[in-house]
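> model this:
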Amino acid sequence: MKTITDLIPSASRQLATPAAPVKATELAPEAKRATEGLINRLFSDLRSIRSAWKQAWTSEELYRKAKANWTQALIDAGITEWSMIERGLARCRQEAGDFIPAPGTFITWCWPTPEELGLPETERAYWEACRFSHPTMAGHERWSHTAVYHAAIRCSRHSLLTLPTETSRLKFAKAYGEVCREMARGVVLPEPPKALPADVMRKGDVATGRAALAALRASVGGARA
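Numbering: from 1, shown residues only. Coordinates of the predicted model:
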């Protein structure tokens with residue numbers, strides 16, 4: 001099945017450029033028809049899954065406005081393939097509740113979970129990022145996956161160490177979600193910097209400092225002799 005971005009190459013380019021977002025009203029006729037087809041199918045399935053849908057869309061006008069808002073939200077999030085929407089619908093069926101989810105909630109359901117991408121789940125990744133952000137771990141990090149490292153950097157290690165746990169957890173979860181979505185799109189993340197060898201002398205090594213000082217004193221004494 002063709003996607004919206006297959007039907008309109010210019011939209012594909014714009015979707016990758018946050019500075020020039022695509023508006024649903026600006027789509028070419030063929031792309032617009034494809035988009036409307038996806039939305040109509042989505043809303044039909046949502047009505048069959050969530051029995052209280054009429055409480056969200058109490059009139060035909062609100063129903064049309066909801067379609068327009070959902071269309072723009074999906075385009076902004078890069079959800080342009082039916083396979084992604086199906087993932088969201090599958091999650092919608094699993095989640096308890098009779099009411100229509102917010103567009104943002106549904107969009108999060110459309111993306112694969114970290115576990116589906118072969119990554120550690122968010123809570124485990126968070127504590128790993130906290131542990132390896134501590135200064136005493138410098139040069140000894142053993143990241144379970146590159147994605148965890150990049151999420152820690154985007155969140156900022158300082159935030160992980162200084163913010164309250166609940167605040168830093170939410171900040172990391174947002175960064176981790178962004179990294180996971182990039183991976184789902186096929187983005188290849190750079191590898192973390194290599195850890196320093198175990199025998200590298202470190203600033204503040206008392207034994208090394210004393211040995212260097214003793215050698216300096218010996219050389220000075222030898223020069224005077």
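> Name the next helix or strand following the least confident helix or strand in the chain by mean pLDDT along the chain.
Among the helices and strands of the chain, helix 9-15 carries the lowest confidence by mean pLDDT, DSSP states H and E, at a mean of 39. Using DSSP states H and E, the helix or strand that follows helix 9-15 in sequence is helix 29-49.
> who does that next one touch, helix- and strand-wise?
helix 4-7, helix 60-77, helix 82-94 (3 or more C-beta pairs under 8 Å, 6 or more residues apart in numbering; DSSP states H and E). Bear in mind the C-beta positions are built from the backbone N, C-alpha and C, glycine included.
> Output the helix or strand that it is followed by as CSV - backbone C-alpha positions only.
Downstream of helix 29-49, the first helix or strand assigned by DSSP H and E is helix 53-56. C-alpha atoms of helix 53-56 as CSV (Å, rounded to 0.1, in the frame of the first residue of the first chain):
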residue,chain,number,x,y,z
TRP,A,53,-17.2,7.9,21.0
LYS,A,54,-20.4,9.9,20.8
GLN,A,55,-19.5,11.7,23.9
ALA,A,56,-16.3,13.0,22.2
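> Would you mark the buried spots in helix 53-56?
53, 56 (16 or more other C-beta atoms under 10 Å).
> How about stretch 60-74?
For stretch 60-74, a neighbour-count test (16+ other C-beta under 10 Å) marks 66, 67, 70, 71, 72, 73, 74 as buried.
> From the chain's centroid, how far away is it?
26 Å (C-alpha atoms, centre = their mean, to the nearest Å).
> Now the terminal residues of stretch 71-85, how far apart.
12 Å (C-alpha to C-alpha, to the nearest Å).
> residues of that stretch that come out buried?
Quick answer for stretch 71-85 (16+ other C-beta under 10 Å): 71-82, 84-85.
> from those, which has minimum pLDDT?
Lowest pLDDT of the buried residues of stretch 71-85: residue 80, 80.
> what helix or strand is that one on?
Secondary structure (DSSP H and E) places residue 80 outside all helices and strands.
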